[in-house]
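Participant: next comes the sequence, and after it the predicted model I'd like to discuss.
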Amino acid sequence: MSDEQAVLDANLAFYTAFSEHDMAAMERIWAREAPLCCIHPGWAPLVGRASVIESWAAILSDTGALEIDCGESKAILFGRCALVVCREILPAGQLLASNLFVLENGAWRLAHHHAGPGPQLAVASAAPGGGGTVH
């Protein structure tokens, strides 16, 4: 398996743990050696493994937590680090996310997650008005 596929599989495992409210799997996905940071939508940044894992325990214990799916994942590798940019697809809309993975003991582990608002699919695929450029 290529490193790119292994990173995409690790990203999928993160969203599977999230959607299935699987705290044990979520805890395994996060790095143990690298410093961690997580920015949930509307939250202040959480730094350190204890804070990050505690936040996921609270989110996943909520029986009314949102359904989530991941789409349009793109992996960018650089040595022992990899960035996955993707869409988080929710019942009421979408978020954009960036997930930074590090290679620890032969496995890709999550070191940083950031999700926030972004353009919706229909808007993102539309051509700029008047045929102009975006930048």
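Facilitator: Structure's in. What do you need? Numbering: from 1, shown residues only.
Participant: quick one, strands of the chain?
Facilitator: With DSSP state E as the criterion, the chain has strands at 37-39, 46-47, 69-78, 81-90, 93-104, 107-116.
Participant: closest one to residue 31 among those?
Facilitator: With CB to CB as the measure, strand 107-116 is the member of the strands of the chain nearest residue 31 (3.8 Å). Where C-beta positions appear, they are placed from N, C-alpha and C, glycine not excepted.
Participant: please identify the buried residues of that closest one?
Facilitator: Burial within strand 107-116, assessed by neighbour count using 16 or more other CB atoms under 10 Å, is assigned to 108-115.
Participant: residue closest to the middle of this structure?
Facilitator: residue 99 (4.3 Å; CA atoms, centre = their mean).
Participant: what's near enough to touch that one?
Facilitator: By CB atoms under 8 Å, 6 or more residues apart in numbering, the residues touching residue 99 are 11, 14, 83-86, 110, 112-114.
Participant: give me that answer again for 10 Å
Facilitator: 7, 10-11, 14-15, 29, 38, 70, 73, 75, 82-86, 110-115 (CB atoms under 10 Å, 6 or more residues apart in numbering).
Participant: what of residue 43?
Facilitator: 55, 115.
Participant: against residue 83, how distant is it?
Facilitator: With distances taken as CB to CB, to the nearest Å, residue 43 is found 21 Å from residue 83.
Participant: could you do residue 58 as well?
Facilitator: The value you get for residue 58 to residue 83, if CB to CB is used, is 26 Å.
Participant: ditto for residue 14
Facilitator: 13 Å.
Participant: what touches both of these two?
Facilitator: Joint contacts of residue 14 and residue 83 (CB under 10 Å, 6+ apart) are 99, 101.
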